[in-house]
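Trainee: pasted the sequence and its predicted model underneath.
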2 protein chains.
Amino acid sequence: MGDKVLEEKIARHHESLSEALGSGTRAQVRQLINNLSAAEIGDLLESLPPAKRIAVWELVDTELDGEVLVEVNDEVRQGLIRGTDDDELAAAVGDLDIDDLADILDDLPDTVIREVLSSMTRQDRERLHQVLAFPEDSAGGLMDPNVLTVRRDVSLEVVLRYLRARGELPDLLDVLFVVSRDGRYLGDIRLSDLLTQDPDRLVSELMQPSPAVLPVDMPAAQVATEFEHHDLVSAPVIDAGGLLVGRITIDDVVDVIREEAEHSVLTMAGLDEEDDMFAPVVNSARRRWIWLGVNLVTALLAALVLSWFEPTLEQIVATAVMFPIVMSMGGIAGTQTLTLMIRGMATGQVNASNMAFMFRKEIAVGILNGLVFSVLIGLIAWLWYRDVELGFVMAFAILLNLFAGAISGVLIPIALKRMSIDPALAGGVALTTVTDVVGILSFVGLATYMIIGT
Amino acid sequence: MGDKVLEEKIARHHESLSEALGSGTRAQVRQLINNLSAAEIGDLLESLPPAKRIAVWELVDTELDGEVLVEVNDEVRQGLIRGTDDDELAAAVGDLDIDDLADILDDLPDTVIREVLSSMTRQDRERLHQVLAFPEDSAGGLMDPNVLTVRRDVSLEVVLRYLRARGELPDLLDVLFVVSRDGRYLGDIRLSDLLTQDPDRLVSELMQPSPAVLPVDMPAAQVATEFEHHDLVSAPVIDAGGLLVGRITIDDVVDVIREEAEHSVLTMAGLDEEDDMFAPVVNSARRRWIWLGVNLVTALLAALVLSWFEPTLEQIVATAVMFPIVMSMGGIAGTQTLTLMIRGMATGQVNASNMAFMFRKEIAVGILNGLVFSVLIGLIAWLWYRDVELGFVMAFAILLNLFAGAISGVLIPIALKRMSIDPALAGGVALTTVTDVVGILSFVGLATYMIIGT
């Protein structure tokens, strides 16, 4: 497995660091750390327990400090900022790109913010305000407002001279944006065209519209999809009036995709990707209370339903032994449908146009598997307790609960989305509540009816 | 939420397509579809029920067919290939890049493979064999063996003339690779340096080693991490002898990251990202049997443990009503630890160097939350059944099971990894088996002991 090699590599980093930290050759550790990229240092810091984390952080070169702060998650960043002098902080974040500065500005102490703002040019300050005006997870929040532009009516020769005079070019620059005199976005001119085309040709002859011109309020998830669909390195961001306001590059989009992925996995367990893995025990414990509490309520609900049937549970002890099977099979089958739905809705592949088909298909799968497993589990119950009736009741309850799981697996995420609740967060709890209750009602309820009947 | 806008956008695609398909203006639909990128068409096809899918596929331009086949998942691709003539297929895949062709070669009929191979140049055929020699999820499987290279002892002027003579440059080209006479990788020369530096300077003066030189057998997950850590657009791939064998570009890396993310979410529910969401009901149902079967076995195990305590369940019916609460709370708490561990191990952030700290911390969180919820749930049980002893038994069982959940949450993924089993696949089932059994033993077991005691 790929993860193994990766893990070993990072483990080696850690081990040599641990050794170096242990043997006390600070110079060695410092060199080791500052050979890493900011993202690597960020990863490393996140995976160190608090005491070691601060020790390593203090060894990071000041010119890397700012970028490292951008890379770590919210809680780790706040910890590092608390452990750093204001002057050092101001120096560290002063050189950041506007979009990166905007991401971490909230976490900085007020004095540092004031110092940084006052040392910026007026233009940069305006650009910062522009980025801050948009949510972090929108095109406006992701964009770098500092953009290289050219005019359409000049020759490539002129552009080439301009670039040579400029010297250093921004990272991840694959195209220059062509704008009108009043700043409206007109198209892209590719660096490779600058290299291969006749320098006498005009920009206007070679410029092409970007395959994805991003409105400033486009959500980050959609920005990521545009980059994926068109294999982009960079894309222009425009405001409602068509004015070019910034540029988004693939490195930030990759971070969006990775965070989305982390978010969807952690959310399903009621966790948050911005939390520090090594936060103090009390903080970590308290954070999990809500999730445990919500699940306690659903468990109590199931217990309440069970308690209606206490006479049955006493008279036919087999029902007390068997009902968890009915509950769990419905939950498992329903979770499969739910997972497909949540993923499909997130990617947009499940939507209004195919929802009906999806619903029919999942119901059909639920009934088919309900039949298969009801026969199997019915037989097991019959043979276990030598009781044909129990077998039939069990079979019926399994069929009903797998059917309920399929229906809930489709309908619950739709309903949650309507209510603007994240289906990945609440879907699992809601679904198992349904399958627990239906499982108990169908199995213990029917068993009760049979007792009364006889 | 961002997903909403995205979903609406794709839904609009679908709706205009559905309308167009319905009203029968094929020309309109054809135009609508062929304005999309291959990735967009792929997404669209995956989200269409089978009958519509084939209808839309037939309208896709032949020159896009090959790329669309690369974009869709395995099962959808196999369906599209079955619905296409051999001649058309050969024409469609003939123009693909070597790395893309390698990805789908297995799915093509033998006659088409023979036709495609015979129409390739000998060099391309050799390159294809080279790519096929590596697993799809390794650097070798991801790379494009077709690479632009320059020598170190020439001037930029010479390089510029070479590029101009070549005309069209490959997509996503940010650097040229510098190689020795015998093909060894020496470094990168950036396109932006070609644009801004004095043309009389030599390549050797400006070339820099890539921040990530990828061995051909590096796993895809680690390739993705290298790209993320160094914000790369492209990176060189070398063999064991240091020879340059190919180039990996960010677009393929983004696909790796996205697939990894899908895989981890779907795997936890026993699903596979290469399955067609709209496969025939019987196929979909059968695929889920293994997962339902595995979970049935664990449910039967819990039932078996319960059956040892039948006398207790009969005598104190409250235990039958309450034990699911103990089971579920342990499972929920354990799943939180498990999720953190699986995610940390996948990113490499949890590893040998901090495992012990993580273990101690999760145990401490488990005990602390165990105490909090044991008091709460103990009180509930006491008040519900007006039985102090039951309250105490319940409290003790909750404490023990949250403790068991924390231990299992850390140890199970480590153990599974040792056995080369994917923790995301088997971790949840293994954990809930432990917390189910511990929950029953601690609660019903202790209740039994108390009855005997009295």
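Mentor: Nice, thanks for sending it over.

Trainee: which stretches of chain A have low pLDDT?
Mentor: Across chain A, residues meeting the criterion (pLDDT under 70) sit at A:1-24, A:452-454.

Trainee: the residue positioned nearest the centre of it and A:Glu273, how far apart?
Mentor: With distances taken as Cα atoms, centre = their mean, the residue of chain A nearest its centroid is A:Glu260 (1.9 Å). Distance, A:Glu260 to A:Glu273, by Cβ to Cβ, to the nearest Å: 9 Å. For the C-beta atoms, the positions are set from N, CA and C on the backbone; glycine is no exception.

Trainee: now do A:Leu214
Mentor: 24 Å.

Trainee: and for A:Ser210?
Mentor: In terms of Cβ to Cβ, A:Ser210 sits 30 Å off from A:Glu273.

Trainee: before we move on, what about A:Glu262?
Mentor: From A:Glu262 to A:Glu273 the distance is 4 Å (Cβ to Cβ).

Trainee: quick one: which of those two has more around it?
Mentor: Neighbours of A:Glu262 and A:Glu273, each counted by other Cβ atoms under 10 Å in any protein chain shown, are more numerous for A:Glu262; the result is 20 against 17.

Trainee: so the more buried one touches B:Arg343, yeah?
Mentor: Yes - with contact defined as Cβ atoms under 8 Å, A:Glu262 counts as touching B:Arg343 (6.6 Å).

Trainee: pop out the phi and psi values for the residue in the stretch 101-250 of chain A positioned nearest to chain B.
Mentor: Residue of the stretch 101-250 of chain A nearest chain B, by Cβ to the nearest Cβ: A:Pro219 (2.8 Å). With angles defined as degrees, to the nearest 10, A:Pro219 sits at phi -70, psi 150.

Trainee: give me the number of residues near it?
Mentor: A:Pro219 has 20 neighbours, counted by other Cβ under 10 Å.

Trainee: go on, A:Val154?
Mentor: Using other Cβ under 10 Å, A:Val154 has 15 other residues around it.

Trainee: so who does it touch?
Mentor: Applying Cβ atoms under 8 Å, 6 or more residues apart in numbering or on different chains, we find A:Val154 in contact with A:Leu202, A:Val203.

Trainee: one more time with 6 Å
Mentor: Residues counted as contacts of A:Val154 (Cβ atoms under 6 Å, 6 or more residues apart in numbering or on different chains) are A:Val203.

Trainee: go on, A:Ala447?
Mentor: Contacts of A:Ala447 (Cβ under 6 Å, 6+ apart): A:Thr312, A:Ile316, A:Thr319, A:Val393.

Trainee: of the residues you listed - the most surrounded one?
Mentor: A:Thr319 leads those on contacts (other Cβ under 10 Å) with 29 neighbours.

Trainee: dump whichever strand or helix holds A:Val178 to PDB, keeping only the CA atoms.
Mentor: Assigned by DSSP states H and E, A:Val178 falls within strand A:175-179. Written as PDB, here are the backbone C-alpha positions of strand A:175-179 (Å, rounded to 0.1, in the frame of the first residue of the first chain):
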ATOM      1  CA  VAL A 175      -1.000  32.400 -18.900                       C
ATOM      2  CA  LEU A 176      -1.100  36.200 -18.800                       C
ATOM      3  CA  PHE A 177      -4.600  37.800 -18.600                       C
ATOM      4  CA  VAL A 178      -5.500  40.200 -21.300                       C
ATOM      5  CA  VAL A 179      -7.600  43.200 -20.000                       C
END
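
Trainee: other residues contacting that strand?
Mentor: A:148-150, A:152, A:185-190, A:203, A:207, A:236, A:244.

Trainee: can you tell me which of these are buried?
Mentor: Listed as buried from the contacts of strand A:175-179 are A:Val150, A:Arg152, A:Tyr185, A:Leu186, A:Gly187, A:Asp188, A:Ile189, A:Arg190, A:Val203, A:Met207, A:Pro236, A:Leu244; burial here means 16 or more other Cβ atoms under 10 Å in any protein chain shown.

Trainee: can you pull the contacts of the last one?
Mentor: Contacts here follow Cβ under 6 Å, 6+ apart; on that basis A:Leu244 touches A:Phe177, A:Val179, A:Tyr185, A:Pro236, A:Ile238.

Trainee: same thing with the third one?
Mentor: Taking Cβ under 6 Å, 6+ apart as the criterion, A:Tyr185 is in contact with A:Val179, A:Pro236, A:Ile238, A:Leu244.
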